[in-house]
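*Asks:* Please work out how this folds:
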Amino acid sequence: MTTTPAKASFSPLGFLRAIFLRVGVLPFFLAAALVIFSLTSQAFLTTQNLMNVGRQSVYLILVSMGQMLVLISGGFDLSVGMVIALSSVVSAMTMVALLPMFPDAVWMVIALGALAGFAVAAIVGAINGVGVAIFGVSPFIMTLGVASAGAGLALFLTGGVPVSNLPFVFGDTFGFGRVWNIPVPVLIALLCIALMWAYMAATRPGAQIYAVGGNIKAANLSGIDTRRTLIRVYVLCALMAGLTGLLLTARVETGDANMGSSMALESIAACVIAGVSLRGGIGRVENVVLGGFFIILVQNGMNLAQVSSYMQMVLLGLLLILAVIFDQMRYRMIMGHR
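*Replies:* Residues are numbered from 1 along each chain as shown. Sure, this is the predicted structure:
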């Protein structure tokens, strides 16, 4: 007598649990947002509105990918908002200073301004990395202190007055330009997403970041230069914030010392909601992209529902707290499977 093996029965709860363990809380938050905001506003799920959300989410996605690197390595960066502002101010001031000297070489002026913005971002990232990796300063204290100092420097350079009179072609190309009818900032973001995915999924430095975040002592014993890896992630994070600062400067056509003030909280929220563990070693680029899109989607939905900006700050903070709680639950469930 032969017996046929019993087929595994499908369990909805088991399926949801598997999604939660693999991706985190993002799919559930995203589904809830789509249902709630589609009920509060008929314009929410229109193609035009979703395209607007996609364009607006570019800047947060870029910063969040940089924040993801630091979180995976076991730290976090509170200075990304300041880097956006400082790179905006320095690049704008450089362009304004050079344009009268080289009126017929506008693209050279733009290139030198962008180079100055990236240079100051890299310096800030290197300071953060050296403080954390070499001197053993807590990432919270190090990046918070650097954020305060950099914000003061940006305000000192501008006197609190936005820097205007940038080259017209800078804003026209990188703020409002289109290639194949696709906004230039979106194309730049897509290129960065592809490069970041390849870097984390298919290169040795990317694997080293996961190793350092998973267990820094084991990574050190296996021959990984953990100090260099940590410095590298903070520099890369700052460069992503610097790129965001340049694109936002082109968008508003001024250099502003107050630009990006909420980006630190929003980028951490996007990463944690996307399943990046605050303990390090866990995180995926594609999920972080969706996490950044989700944050902007929620803000867009609240704007359509006429929720005040103050209440939006409250709700974003609550989202972050919920995401951290679910991250704790997910970590315990993953550890329970091992």
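*Asks:* Could I get the phi/psi values of Gly260?
*Replies:* Dihedral angles of Gly260 (phi, psi; degrees, to the nearest 10) stand at phi 70, psi 20.
*Asks:* Tell me, how many residues neighbour it?
*Replies:* Residues near Gly260, counting by other C-beta atoms under 10 Å, number 26. For every residue, glycine as well, the C-beta is placed using N, CA and C.
*Asks:* where does it land on pLDDT?
*Replies:* The model reports Gly260 with a pLDDT of 90.
*Asks:* Please identify the helix or strand for the nearest residue to it once chain neighbours are set aside.
*Replies:* Of all residues not flanking Gly260 in the chain, Ile84 sits nearest, at 3.1 Å (C-beta to C-beta, 6 or more residues apart in numbering). Using DSSP states H and E, Ile84 falls within helix 80-98.
*Asks:* tell me the average confidence for that helix?
*Replies:* 97.
*Asks:* and it, what other elements does it pack with?
*Replies:* Helix 80-98 is packed against helix 47-72, helix 106-133, helix 139-158, helix 226-252, helix 263-273, with contacts defined by 3 or more C-beta pairs under 8 Å, 6 or more residues apart in numbering; DSSP states H and E.
*Asks:* Let me have those helices in TSV, extended by mean pLDDT and mean neighbour count.
*Replies:* Compiled in TSV, these are given as follows (pLDDT from 0 to 100; neighbours: other C-beta atoms under 10 Å):
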stretch	mean pLDDT	mean neighbour count
helix 47-72	94	23
helix 106-133	97	21
helix 139-158	96	18
helix 226-252	97	25
helix 263-273	92	27
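*Asks:* Present those helices as JSON lines; the columns should include distance to Asn220.
*Replies:* As requested, the helices and strands packed on helix 80-98 are arranged in JSON lines below (distance: least, C-beta to C-beta, whole Å):
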{"stretch": "helix 47-72", "distance to Asn220": "17"}
{"stretch": "helix 106-133", "distance to Asn220": "11"}
{"stretch": "helix 139-158", "distance to Asn220": "18"}
{"stretch": "helix 226-252", "distance to Asn220": "5"}
{"stretch": "helix 263-273", "distance to Asn220": "25"}
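*Asks:* and of these, who's closest to Pro27?
*Replies:* helix 263-273 (10.2 Å; C-beta to C-beta).
*Asks:* what's the neighbour count on Arg178?
*Replies:* By other C-beta under 10 Å, 11 other residues sit near Arg178.
*Asks:* What of Pro167?
*Replies:* 20.
*Asks:* Sort out which residues of the helix or strand hosting Phe15 are buried, please.
*Replies:* Assessed by DSSP H and E, Phe15 sits inside helix 12-23. By neighbour count on 16 or more other C-beta atoms under 10 Å, the buried set for helix 12-23 is 20, 23.
*Asks:* who touches that helix?
*Replies:* Residues from elsewhere that reach helix 12-23 (C-beta atoms under 8 Å, 6 or more residues apart in numbering): 27-28, 274-275, 287, 326, 330, 333-334, 337.
*Asks:* let's go with 6 Å and repeat that
*Replies:* The contact list for helix 12-23 (C-beta atoms under 6 Å, 6 or more residues apart in numbering) reads 27, 275, 333.
*Asks:* Spit out the contact partners of the first one.
*Replies:* Under the criterion of C-beta under 6 Å, 6+ apart, the neighbours of Pro27 are Ile19.
*Asks:* Do you know the pLDDT at it?
*Replies:* Each residue has a pLDDT score; the one for Pro27 is 86.
*Asks:* and if you look at the last one?
*Replies:* Residue-level confidence at Met333 comes out at 81, pLDDT.
*Asks:* Contact partners for it?
*Replies:* Applying C-beta under 6 Å, 6+ apart to Met333 gives the contacts Leu21.
*Asks:* I'd like the distance between it and Ala18.
*Replies:* 11 Å (C-beta to C-beta, to the nearest Å).
*Asks:* and if you look at the first one?
*Replies:* With distances taken as C-beta to C-beta, Pro27 is found 11 Å from Ala18.
*Asks:* same thing with Leu239?
*Replies:* Applying C-beta to C-beta to Leu239 and Ala18 gives a distance of 36 Å.
*Asks:* re the thing from before, mind checking which of the helices and strands packed on helix 80-98 is nearest Arg178?
*Replies:* Closest of the helices and strands packed on helix 80-98 to Arg178 is helix 47-72, at 10.9 Å (criterion: C-beta to C-beta).
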